[in-house]
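Participant: sequence? don't have it. structure:
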């Protein structure tokens, strides 16, 4: 099993065809394109290597941004033996063999950099198995993950490793990679300027995907310069990176929610469309959109909830893809609606007050007294029937005896809540008048 995973620096590359991505693999960290936030002059990896104190790492980022390459180069820079495993294919017996080989290597004076791809796929017990070997120096762990480490990795592992965030490659980075590929191929790609831009966009920030696309384009036997239409006819666009159960899901719904809250219909519709294009369930979006109406618009526009529920019902009747338009209309409506979280804040305040006051009973004057014994106990004694009071308002206290009256609901001067604020102020003045 060890030979399957052990890819030390002495391994010879077999003769024959090598993919372009493999041929262009950087030989030094200085050749890595992008990731200046971890490889720049004052960035973490540069400082660690300069001080000779490389710690265990977790490289977190999307596919195709150099996680494996950086791990290999770190082993080369530090003269550590490089061992690569994948959490998908590695079980506990395999890990034992890897650790035993690393112990023997350490006894012979050589350290081991263990690169674990998809480390988040190991369960808690498997992750805990790394700890003693990290602590005694048997291995220097470098894990790679596309998922948020704070959610997927054990706290014990995270406390012994530094998390470095790798970012998707920007357009300039992808263009540099394309130029490097053309130099390796010794010919320019047969694309005009717009088609070249379209090719970079197809890669969607993934360097490995771009090199695979370039390899396909370079293999076409054509003397003509292709435009965007010809390119897209021959080459399918790469699917957008979106995991309905992962970070992309939560990041995009957060972007949609905050765009609605920020009254930006264009941005809200963009993120809504991004989620649909990624394969998100429109019913999930319908539920979250309705939540936005409740949380961020509230009583500033009570109609907003009805619009969301109607759009949801329309989607259920029409189905996809026609029904998504109703949801899009709801998104635009919410973005342009007056905003208030006053009811939401009041609700949370009421929940806190309820927890703090525990089992305090209501004041006796607002309790019903269906039996003589309850009347004798004072139930209902002194209750003022509001319809009989001046202005239809008694101003009585409805909170538990001895509890300071909280001011929970504070409507804003926007939308329908402007009218509600006038009503609240009116009743506050009457209550003060009754009390005096």
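Facilitator: Cool, got the structure. These numbers were taken from a predicted model, which means no experiment stands behind them.

Participant: C-terminal to the worst-scoring helix or strand of the chain on mean pLDDT, what's the next element?
Facilitator: Of all helical and strand segments in the chain, the minimum by mean pLDDT, DSSP states H and E falls on helix 2-5, at a mean of 38. Per DSSP states H and E, the first helix or strand lying C-terminal to helix 2-5 is helix 20-23.

Participant: list the helices and strands the helix or strand following that next one packs on?
Facilitator: Later in the chain than helix 20-23, the nearest helix or strand by DSSP H and E is helix 36-39. With contacts taken as 3 or more C-beta pairs under 8 Å, 6 or more residues apart in numbering; DSSP states H and E, helix 36-39 sits against helix 44-51, strand 162-165. Backbone N, C-alpha and C define where each C-beta goes, glycine included.

Participant: so for the first one, what's the average pLDDT?
Facilitator: Okay, so that is helix 44-51. In this model, helix 44-51 has a mean pLDDT of 92.

Participant: buried ones in that helix?
Facilitator: Of all the residues in helix 44-51, those buried under the rule 16 or more other C-beta atoms under 10 Å are 44, 45, 48, 49.

Participant: Including distance to residue 121, could these go into CSV?
Facilitator: Converted to CSV, the buried residues of helix 44-51 look like this (distance: C-beta to C-beta, whole Å):
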residue, distance to residue 121
44, 25
45, 24
48, 26
49, 29
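
Participant: any idea which of these is closest to residue 394?
Facilitator: Of all the buried residues of helix 44-51, residue 394 sits closest to residue 44, with 66.4 Å by C-beta to C-beta.

Participant: and that closest one, what does it touch?
Facilitator: Neighbour list for residue 44: 38, 162, 164 [criterion: C-beta atoms under 8 Å, 6 or more residues apart in numbering].

Participant: what's the answer for residue 56, then?
Facilitator: The neighbours of residue 56, taking C-beta under 8 Å, 6+ apart as the test, are 134, 140, 141, 142, 160, 161, 162.

Participant: Show me where the stretch 251-400 of the chain has its helices.
Facilitator: Secondary structure of the stretch 251-400 of the chain (DSSP state H, counting those that start in this stretch): helices located at 265-277, 282-292, 303-318, 323-336, 342-357, 372-376.

Participant: The residue of the chain most remote from its centre and residue 382: what is the separation?
Facilitator: The C-alpha centroid of the chain is most remote from residue 372, which lies 61.2 Å away (C-alpha atoms, centre = their mean). Distance from residue 372 to residue 382, counting by C-beta to C-beta, to the nearest Å: 18 Å.

Participant: before we move on, the earlier item: identify, from the buried residues of helix 44-51, the entry nearest to residue 150.
Facilitator: residue 44 (17.6 Å).

Participant: How many residues are close by residue 429?
Facilitator: 10 (other C-beta atoms under 10 Å).

Participant: How about the secondary structure of it?
Facilitator: In three-state terms, and counting by DSSP: H, G, I helix; E, B strand; the rest coil, residue 429 is helix.

Participant: Could you check the pLDDT of it?
Facilitator: 91.

Participant: Residues contacting the helix or strand where residue 229 lies, please?
Facilitator: Residue 229 is part of helix 228-234, with elements assigned from DSSP H and E. By C-beta under 8 Å, 6+ apart, the surrounding residues in contact with helix 228-234 are 191, 192, 194, 195, 198, 199, 217, 220, 226.

Participant: Return the subset of these lying in helices.
Facilitator: Members of these lying in helices (criterion: DSSP state H): 194, 195, 198, 199, 217.

Participant: Now do the third one against residue 62, distance only.
Facilitator: When C-beta to C-beta is applied, the distance between residue 198 and residue 62 equals 20 Å.

Participant: And for residue 248?
Facilitator: 9 Å.

Participant: same question, residue 32
Facilitator: Residue 32 sits 16 Å away from residue 62, taking C-beta to C-beta as the criterion.

Participant: Among these two, which residue is more densely surrounded?
Facilitator: residue 32 (20 against 17).

Participant: which residues sit in contact with the more buried one?
Facilitator: 26, 39, 66, 69, 70, 73.

Participant: From those residues, list the buried ones, please.
Facilitator: The neighbour count (16+ other C-beta under 10 Å) marks 39, 66, 69, 70, 73 as buried among the contacts of residue 32.
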